[in-house]
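Peer 1: What follows is a predicted structure for the sequence shown.
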Amino acid sequence: MSIDLKTDGRFYEPEEMVRANCQDCIGCCDCCTGMGDTIVLDPYDVRMLKNNCGKTMEQLLQQGLLSLGMAGGLILPHIQMNPETDCCPFLSDEGRCSIHAYRPGICRLFPLGRNFEDGKLTYILLTDECKKQNRSKIKVSQWIGIKPAEKYHNFILEWHTFRKNLTALLAMSEEARIKEILMLVLKTFYYEEWLDEGDIFAVLSEKIKEMEKRLGMGYTTE
């Protein structure tokens with residue numbers, strides 16, 4: 001099922017200005033409510049949550065903060081909405097984000113979205129998704145707020161490409177092999193603990209390349 005999202009018709013580069021700044025969302029937390037399983041987390045997101053919450057992946061799942069679900073043919077973690085309030089479990093009683101400094105990438109983007117096309121990542125402005133009026137202009141990379149901005153941008157593109165190619169590989173695999181690959185990806189990118197030595201994006205890029213090689217994605221054996 002396709003979702004019709006209205007945009008301003010432009011595609012923004014990371015260093016372009018876009019009218020997305022909602023001035024700290026004062027008095028509004030609509031985008032933290034009723035999101036279902038749509039806040040899918042990449043390995044960087046989960047790494048930040050584990051480090052800053054002081055919890056393992058298992059604990060985040062056991063405490064109902066995260067859940068596992070299907071996303072694009074893969075089993076991936078997502079933020080689990082509070083079953084009683086339908087709000088993000090990290091939303092405070094005052095309607096403020098309690099993990100704002102290390103919130104997931106999808107949360108950082110809003111009201112922007114990502115556009116992947118021809119091997120390139122650009123950004124779109126969703127004009128009807130945020131009710132905040134009179135938003136001011138801000139640089140896309142500044143709005144996302146993860147540094148180094150270029151390395152994060154490149155990681156998101158690399159992770160998207162990896163997921164896309166992995167989905168294609170799974171479509172050609174037997175059921176037993178599919179289960180094996182899905183569990184391997186979860187374990188490697190989300191459950192395992194590893195040192196980043198100050199450059200998490202370099203480590204993630206290397207892990208993606210190692211996984212591609214291990215699964216024979218784009219590689220040939222001599």
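Peer 2: Received, thanks. Residues are numbered from 1 along each chain as shown.

Peer 1: C-alpha from now on. contacts and neighbour counts both.
Peer 2: Will do.

Peer 1: could you pull out the helices for this protein?
Peer 2: Using DSSP state H, the helices of the chain run over residues 43-53, 57-62, 105-109, 140-144, 149-171, 175-186, 200-215.

Peer 1: so for the second one, what's the average pLDDT?
Peer 2: It stands for helix 57-62. Helix 57-62 shows an average pLDDT of 98 in the prediction.

Peer 1: How far off centre is that helix?
Peer 2: Computed by C-alpha atoms, centre = their mean, to the nearest Å, the chain-centroid distance of helix 57-62 equals 18 Å.

Peer 1: And the contacts of it?
Peer 2: If you take C-alpha atoms under 8 Å, 6 or more residues apart in numbering as the criterion, helix 57-62 is touched by 46, 50, 66-67, 190-191.

Peer 1: how about these in a markdown table, adding distance to residue 95?
Peer 2: Output for the contacts of helix 57-62, formatted as a markdown table (distance: C-alpha to C-alpha, whole Å):
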| residue | distance to residue 95 |
| --- | --- |
| 46 | 22 |
| 50 | 22 |
| 66 | 19 |
| 67 | 22 |
| 190 | 28 |
| 191 | 30 |
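
Peer 1: between those, which is nearest residue 113?
Peer 2: Nearest to residue 113 among those, counting by C-alpha to C-alpha, is residue 46 at 19.8 Å.

Peer 1: which residues does the closest one contact?
Peer 2: Shown in contact with residue 46 (C-alpha under 8 Å, 6+ apart): 57, 104, 190.

Peer 1: would you turn the residues you listed into a markdown table with distance to residue 215 and neighbour count?
Peer 2: Output for the contacts of residue 46, formatted as a markdown table (distance: C-alpha to C-alpha, whole Å; neighbours: other C-alpha atoms under 10 Å):
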| residue | distance to residue 215 | neighbour count |
| --- | --- | --- |
| 57 | 24 | 19 |
| 104 | 28 | 22 |
| 190 | 18 | 22 |
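
Peer 1: ok, the residues you listed vs residue 33, which is closest?
Peer 2: Here the nearest of those to residue 33, counting by C-alpha to C-alpha, is residue 104; it sits at 15.0 Å.

Peer 1: And that closest one, how far from residue 8?
Peer 2: According to C-alpha to C-alpha, to the nearest Å, residue 104 stands 24 Å off from residue 8.

Peer 1: Could you give the average pLDDT over stretch 12-19?
Peer 2: Across stretch 12-19, the average pLDDT comes to 97.

Peer 1: Oops, could you answer that again for stretch 185-193 instead?
Peer 2: For stretch 185-193, mean pLDDT is 96.

Peer 1: Now that stretch - C-alpha only, CSV.
Peer 2: Extracted in CSV, the C-alpha atoms of stretch 185-193 (Å, rounded to 0.1, in the frame of the first residue of the first chain):
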residue,chain,number,x,y,z
VAL,A,185,22.2,-9.4,10.6
LEU,A,186,20.3,-8.8,13.9
LYS,A,187,23.2,-10.2,16.0
THR,A,188,26.0,-8.5,14.1
PHE,A,189,24.5,-5.0,13.9
TYR,A,190,22.2,-4.8,16.9
TYR,A,191,23.1,-7.3,19.6
GLU,A,192,26.8,-7.5,19.6
GLU,A,193,29.0,-5.0,21.5
